[in-house]
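Enquirer: build the 3D model from these lines:
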Amino acid sequence: MGIMANKPMSVAFFLALSFLGMRVGNSHPGYISIYWGQNVDEDSLSLACDTGNYKYINIAFLVKFGSGSTPVLNLAGHCDPGSSGTGCASLSSEIEYCQSKGIEMFLSLGGGTGNNDISSVDDANQVATYLWNNYLGGQSSSRPLGSAVLDGIDFDIEGNSSPNHYDDLAKALKSYSSSVLLSAAPQCIYPDAHLSVAINSGLFDYVWVQFYNNPNRCNYASDNVDGFTDAWNQWAQVSATKVFLGLPASPSATNNGGYIPPNTLISSVIPIVKKSEKFFGIMLWNRYYDYTQGGYSDQVKAYV
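Expert: Numbers count the residues shown, from 1 in each chain. Down below sits the predicted model:
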């Protein structure tokens, strides 16, 4: 399913938007974060980076890790890590190309179908060592994405995973280098069941909150503006300095609502979230839907 074409916006509407932009408290430019890796039809990383729309890309997902398990990278047909773990090394040059454009590149842990469990502080330290040596600034003979050094690790920990010790994993990753970036993708229901302890550690640089798949609670809707606003205001109080509004990039990108048409986002939602100095942009799920079903990021990037 695609997105219905939006009607052209009038000059008066653009002037109204400009006025709104002058009235809200947040004056810094916003950015777009996006997830890439879960549909081969989304095309290449290089093509995503050439759009100029994205400042952050989460390569998704490392679906299995912890408790002594062999880590599993699943990029849904883009490449096969294989038994040697190096079958996606061809992505290295694309990652470095994106970084040359100023885009920060993350490995995303977990996802909606992830099945992982960190059993102890020691286990968290072991996972951090694996991530450092295989995706970040360390060294390994079996780096799944080749020699490219990612900028950080994204925590997208959802229902199939234990909530324990993600704060310990964050601490261990930062102990390798303070330059390692950390992001988290909690659900909009506050506090998040899996990541609240980790986020409260104050170690996360970015928090992109999933304001979708939570109907009648914190999804934005015309009959739930107060619920959305209350949830956003709670997330705007977390210790991370950069908080993002996470959205589906098309109606078919979500099973349980949360899609906001571009015109509504621009006219009604951005003025709410920009009241917070911590608002830093939007996160989109995901590149496939943005690329194939209407170009959401193209329509909203100038207003974020």
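
Enquirer: please, where are all the strands along the stretch 101-250 of the chain?
Expert: Applying DSSP state E, counting those that start in this stretch to the stretch 101-250 of the chain gives strands spanning 104-111, 152-157, 181-184, 206-210, 242-248.

Enquirer: dump the ones you listed into JSON lines; add mean neighbour count and mean pLDDT as well.
Expert: Any C-beta I mention is one placed from the backbone N, CA and C, and that applies to glycine too. Below are the strands of the stretch 101-250 of the chain laid out as JSON lines (neighbours: other CB atoms under 10 Å; pLDDT from 0 to 100):
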{"stretch": "strand 104-111", "mean neighbour count": "24", "mean pLDDT": "97"}
{"stretch": "strand 152-157", "mean neighbour count": "26", "mean pLDDT": "98"}
{"stretch": "strand 181-184", "mean neighbour count": "24", "mean pLDDT": "98"}
{"stretch": "strand 206-210", "mean neighbour count": "26", "mean pLDDT": "98"}
{"stretch": "strand 242-248", "mean neighbour count": "24", "mean pLDDT": "98"}
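
Enquirer: how close does the closest residue in space to N233 that isn't next to it in sequence sit to T264?
Expert: Closest residue to N233 apart from its sequence neighbours, by CB to CB, 6 or more residues apart in numbering: S276 at 7.4 Å. In this view, S276 and T264 are 19 Å apart by CB to CB, to the nearest Å.

Enquirer: kindly report the same for Y296.
Expert: To T264, Y296 is 12 Å away according to CB to CB.

Enquirer: so these two - more neighbours on which side?
Expert: Here Y296 and T264 are compared on neighbour count by other CB atoms under 10 Å; more neighbours surround Y296, at 27 against 14.

Enquirer: got a list of what the residue nearest to the more buried one when sequence neighbours are not counted touches?
Expert: Using CB to CB, 6+ apart and skipping residues adjacent in sequence, the residue nearest Y296 is A249, 4.3 Å away. Neighbour list for A249: 34, 284-287, 289-290, 293-294, 296-297 [criterion: CB atoms under 8 Å, 6 or more residues apart in numbering].

Enquirer: rerun that using 6 Å as the cut-off
Expert: Applying CB atoms under 6 Å, 6 or more residues apart in numbering, we find A249 in contact with 284, 289-290, 296.

Enquirer: just the pLDDT at T86, thanks.
Expert: What the model reports as pLDDT for T86 is 77.

Enquirer: what's the burial count for it?
Expert: By other CB under 10 Å, 18 other residues sit near T86.

Enquirer: so what's it up against?
Expert: T86 makes contact with S142 under the criterion CB under 6 Å, 6+ apart.

Enquirer: recalculate using a threshold of 8 Å.
Expert: Taking CB under 8 Å, 6+ apart, we find T86 in contact with 142-144, 146.

Enquirer: still on that earlier bit, redo the contacts of A249 as JSON lines? Include secondary structure, distance to Q99 and pLDDT.
Expert: Formatted as JSON lines, the contacts of A249 follow (DSSP: H, G, I helix; E, B strand; the rest coil; distance: CB to CB, whole Å; pLDDT from 0 to 100):
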{"residue": "L284", "secondary structure": "strand", "distance to Q99": "20", "pLDDT": "98"}
{"residue": "Y289", "secondary structure": "helix", "distance to Q99": "24", "pLDDT": "98"}
{"residue": "D290", "secondary structure": "helix", "distance to Q99": "20", "pLDDT": "98"}
{"residue": "Y296", "secondary structure": "helix", "distance to Q99": "24", "pLDDT": "98"}
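
Enquirer: gap between I103 and G281?
Expert: Counting by CB to CB, the gap from I103 to G281 is 13 Å.

Enquirer: the more surrounded of the two?
Expert: Neighbours were counted for I103 and for G281 using other CB under 10 Å; G281 has more, 23 against 20.

Enquirer: what's across from the more buried one in the sheet?
Expert: Applying DSSP bridges to G281 gives these bridge partners: Y31, F244.

Enquirer: got the CA coordinates for stretch 125-145 in CSV?
Expert: C-alpha atoms of stretch 125-145 as CSV (Å, rounded to 0.1, in the frame of the first residue of the first chain):
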residue,chain,number,x,y,z
ASN,A,125,31.0,-6.6,29.5
GLN,A,126,31.5,-9.5,27.1
VAL,A,127,28.8,-8.2,24.7
ALA,A,128,30.5,-4.8,24.8
THR,A,129,33.9,-6.3,24.0
TYR,A,130,32.3,-8.1,21.1
LEU,A,131,30.7,-4.9,19.8
TRP,A,132,33.9,-2.9,20.2
ASN,A,133,36.1,-5.4,18.4
ASN,A,134,33.6,-6.3,15.6
TYR,A,135,31.8,-3.0,14.9
LEU,A,136,33.5,-0.2,16.6
GLY,A,137,37.2,0.8,17.1
GLY,A,138,38.6,-2.5,18.1
GLN,A,139,40.1,-5.3,16.0
SER,A,140,38.9,-8.7,15.0
SER,A,141,39.5,-11.1,12.1
SER,A,142,35.8,-11.5,11.6
ARG,A,143,34.2,-8.1,11.5
PRO,A,144,30.8,-8.6,10.0
LEU,A,145,30.6,-5.2,8.2
